[in-house]
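In: My questions concern the predicted model and sequence given below.
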Amino acid sequence: MQDLKVTLIQSEIHWQNAGANLAMFEEKIWLIEGKTDLIVLPEMFNTGFTMNAEQVAEPMNFTTFKWMKQMAAQTGAVITGSVVIKEGNNYYNRLIWMQPDGGYDCYDKRHLFRMANEHEHFSGGEKRIVKELKGWKICPLVCYDLRFPVWSRNTSKNNELDYDLLLFVANWPAVRVNAWDILLKSRAVENVSYCLGLNRVGKDENDIDYNGHSAVYGPKGETLYFSEDNESISTVILSKQDLDQFREKFPAHLDADEFDIKS
């Protein structure tokens with residue numbers, strides 16, 4: 001029952017400038033104090049939340065992918081965040097889960113933000129992933145997915161829940177930050193898990209303000225970490241023992257309704 005060290009990098013993002021963003025985040029990564037297990041970057045961390053998919057997209061195994069691979073190897077930590085990826089004729093808002101050994105997995109954002117016409121520029125994902133790290137099961141999702149509790153539901157099989165940590169990377173605007181705060185905490189409580197949300201700060205070229213509010217909540221809804229509108233690099237230690245003890249004392253998941261998701 002090892003503790004998990006998770007580092008959240010809440011940052012501004014240079015608009016559609018992958019080179020500048022990779023250099024910036026590399027500097028921030030080397031400012032992390034001590035060893036960490038997981039480094040979390042925002043949604044579209046190398047471009048900002050843009051609908052100019054054709055202009056900024058990269059194929060897999062290109063510049064940003066190789067940078068993530070290098071950073072994971074050098075830090076000994078998993079690195080995750082989403083980028084714009086082109087496959088064939090399709091574009092994806094793709095979260096990449098990069099391991100220190102070079103192994104990786106991907107999650108394509110399922111719920112595309114129609115208020116920004118994301119659904120007109122990107123293809124949605126069809127399945128979520130759950131990754132293991134130091135005995136922890138982690139489910140990474142992207143931004144607008146937070147509003148859809150069925151997709152993030154922590155289902156139980158043989159009295160064992162799917163995941164221990166639900167993780168969201170985002171570009172969530174300040175104007176709707178109350179929903180972000182409420183829903184992150186709700187996802188933690190209803191899924192009897194830790195819930196982490198990593199947002200950006202600053203203003204993008206569409207004149208949209210972002211005010212962070214990156215946070216980590218425990219299964220009782222307790223606030224374990226919260227950052228307001230400043231750039232920050234923070235490591236949070238999560239206790240698997242505390243989570244397991246709470247689940248044993250309060251096994252609400254045993255009374256959850258069963259269902260299947262149809263794509």
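Out: Structure's in. What do you need?
In: For residue 263, give me the pLDDT.
Out: On pLDDT, residue 263 comes in at 63.
In: By mean pLDDT, point me to the weakest helix or strand of the protein.
Out: Least confident helix or strand of the chain, by mean pLDDT, DSSP states H and E, is strand 156-157 with a mean of 84.
In: That one - which strands sit beside it in the sheet, and in what orientation?
Out: strand 160-161 (antiparallel) (DSSP bridges).
In: Show residues contacting the helix or strand that the partner strand is followed by.
Out: Past strand 160-161, further along toward the C-terminus, the next helix or strand under DSSP states H and E is strand 165-169. Strand 165-169 is contacted from outside by 4, 6, 40-43, 45, 80-82, 95, 136-143, 145-146, 152, 154, 184, 187-188, 191, 193-198, 238, using C-beta atoms under 8 Å, 6 or more residues apart in numbering. Where C-beta positions appear, they are placed from N, C-alpha and C, glycine not excepted.
In: partners of strand 165-169, with directions?
Out: Within its sheet, and counting by DSSP bridges, strand 165-169 is paired with strand 136-142 (parallel), strand 194-198 (parallel).
In: Tell me which helix or strand comes right after that strand.
Out: Sequence order places helix 177-190 as the next helix or strand after strand 165-169, per DSSP H and E.
In: That next one packs against which elements?
Out: Judged by 3 or more C-beta pairs under 8 Å, 6 or more residues apart in numbering; DSSP states H and E, helix 177-190 is in contact with strand 165-169, strand 194-198, strand 215-217.
In: what is the rounded mean pLDDT of the first one?
Out: Summarised as a single mean, pLDDT over strand 165-169 is 98.
In: and if you look at the second one?
Out: Predicted confidence along strand 194-198 averages 98 (mean pLDDT).
In: got the angle between that strand and helix 177-190?
Out: Angle, strand 194-198 to helix 177-190, by axes from the mean of the first three to the mean of the last three C-alpha atoms, to 10 degrees: 160 degrees.
In: List the contacts of strand 194-198.
Out: Against strand 194-198 from outside (C-beta under 8 Å, 6+ apart): 6, 8-10, 40-42, 146, 164-170, 172, 180, 184-185, 187-188, 213-219, 224, 236, 238, 243.
In: then stretch 52-69 to CSV, C-alphas only?
Out: The C-alpha coordinates for stretch 52-69 follow below in CSV (Å, rounded to 0.1, in the frame of the first residue of the first chain):
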residue,chain,number,x,y,z
ASN,A,52,-7.1,25.0,-35.4
ALA,A,53,-6.5,21.3,-35.5
GLU,A,54,-5.0,21.2,-39.0
GLN,A,55,-2.5,23.9,-38.1
VAL,A,56,-1.2,22.5,-34.8
ALA,A,57,-1.7,18.7,-35.0
GLU,A,58,1.2,16.3,-34.7
PRO,A,59,1.3,12.6,-35.6
MET,A,60,2.1,10.2,-32.9
ASN,A,61,5.9,9.6,-32.3
PHE,A,62,6.6,13.2,-33.3
THR,A,63,8.0,16.2,-31.4
THR,A,64,5.7,16.4,-28.4
PHE,A,65,5.5,12.6,-28.0
LYS,A,66,9.3,12.3,-28.1
TRP,A,67,9.6,15.1,-25.6
MET,A,68,7.2,13.4,-23.2
LYS,A,69,9.2,10.2,-23.6
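In: re the thing from before, I'd like the helices and strands packed on helix 177-190 laid out as JSON lines, including mean neighbour count and distance to residue 76.
Out: Formatted as JSON lines, these follow (neighbours: other C-beta atoms under 10 Å; distance: least, C-beta to C-beta, whole Å):
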{"stretch": "strand 165-169", "mean neighbour count": "27", "distance to residue 76": "19"}
{"stretch": "strand 194-198", "mean neighbour count": "28", "distance to residue 76": "20"}
{"stretch": "strand 215-217", "mean neighbour count": "25", "distance to residue 76": "21"}
